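Q: any chance you could fold what I've pasted below:
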Amino acid sequence: MSRIGRKSIQIPDKVKLAVSEAGDVTVEGPKGRLQWSLPQQISLKVDGKEASLSRSAETRSVKALHGLSRSLINNMVAGVSQGFQKSLEIHGVGFRAQVQGANLTMSLGFSHPILFPIPEGIKITVQENTKLLIEGIDKQMVGQVAADIRAFYPPEPYKGKGIRYAGEQILRKEGKTVQ
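A: Numbering: from 1, shown residues only. You can find the predicted model right below:
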C-alpha cells in the first residue's frame, strides 16, 4: 500500500465529511465548504471521526492516486477547520501594495500600477504597505495566488528587489567590476 494513502484521516469535532454515490467528497466546517471528486479507482470509508481510503488496483498510477487523494482530503479537512495562509514581502524603494475593493493594486516600479483581481474564497490583507497575507480554505488556491502575485516581480539576485515569500533566502550575486 501507499505509505501516505495508508494513514487514516482524523476528522475534528466541528467538521463533517460526506461521500456521495458518484464519488464526490464534501467537507464542511466552521470556515466554509469544499468539494472534490474522487478518482474511480479510489474509495473512501468514513467511520465516525476517522476516514480511510482504499484502492481497487495495484498499478503504479493507482498507487500514486491513493496517496494524492489522501493528502488532498486531509488538506480539505485542515482548510475548513483552520484555514491556510501564505505571507509575501515586497522589497524595493517605492514598492507598495494596497487592497482596493476586489483588487490588489501594486506599485512595483513599472510605468503603471498592477491590478490583480482577488479570486473568490481568498482574503488578502496588506500590512505596512509591503507585507501581504493571503488566507483561504483551499490550500492549492492560496499557494497559486501567492505564486501569481510573486510572478509579477520575482526577486532579482543583484539588489534583492521584488516580491518574495516571507523567510525566503535570495542568493545574491556580485556585480561586474571594472579592471
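
Q: CA atoms for contacts and neighbours, from now on please.
A: Noted.

Q: list the pairing partners of the longest strand anywhere in the chain within its sheet, with orientation.
A: Counting by DSSP state E, the longest strand found in the chain is strand 84-91. Within its sheet, strand 84-91 is paired with strand 131-136 (antiparallel), strand 162-165 (antiparallel), according to DSSP bridges.

Q: which residues are contacting the last one?
A: Which is strand 162-165. 86-92, 108, 149-156 (Cα atoms under 8 Å, 6 or more residues apart in numbering).

Q: low-confidence regions, this protein specifically.
A: Along the chain, segments meeting pLDDT under 70 span 1-2.

Q: alpha carbons only: can I get the biggest helix by length in it in PDB?
A: Using DSSP state H to define each element, the chain has its longest helix at helix 60-81. C-alpha atoms of helix 60-81 as PDB (Å, rounded to 0.1, in the frame of the first residue of the first chain):
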ATOM      1  CA  ARG A  60       1.700   2.300 -10.300                       C
ATOM      2  CA  SER A  61      -0.700   5.100 -11.300                       C
ATOM      3  CA  VAL A  62      -3.400   4.000  -8.900                       C
ATOM      4  CA  LYS A  63      -0.900   3.800  -6.000                       C
ATOM      5  CA  ALA A  64       0.100   7.400  -6.800                       C
ATOM      6  CA  LEU A  65      -3.600   8.400  -6.800                       C
ATOM      7  CA  HIS A  66      -4.100   6.700  -3.500                       C
ATOM      8  CA  GLY A  67      -1.600   8.900  -1.700                       C
ATOM      9  CA  LEU A  68      -2.700  12.000  -3.600                       C
ATOM     10  CA  SER A  69      -6.300  11.500  -2.700                       C
ATOM     11  CA  ARG A  70      -5.500  11.100   1.000                       C
ATOM     12  CA  SER A  71      -3.400  14.300   1.000                       C
ATOM     13  CA  LEU A  72      -6.000  16.300  -0.800                       C
ATOM     14  CA  ILE A  73      -8.800  15.200   1.500                       C
ATOM     15  CA  ASN A  74      -6.600  15.800   4.600                       C
ATOM     16  CA  ASN A  75      -5.900  19.300   3.300                       C
ATOM     17  CA  MET A  76      -9.600  19.900   2.800                       C
ATOM     18  CA  VAL A  77     -10.300  18.900   6.400                       C
ATOM     19  CA  ALA A  78      -7.500  21.200   7.600                       C
ATOM     20  CA  GLY A  79      -8.700  24.100   5.400                       C
ATOM     21  CA  VAL A  80     -12.300  24.100   6.600                       C
ATOM     22  CA  SER A  81     -11.200  23.800  10.300                       C
END
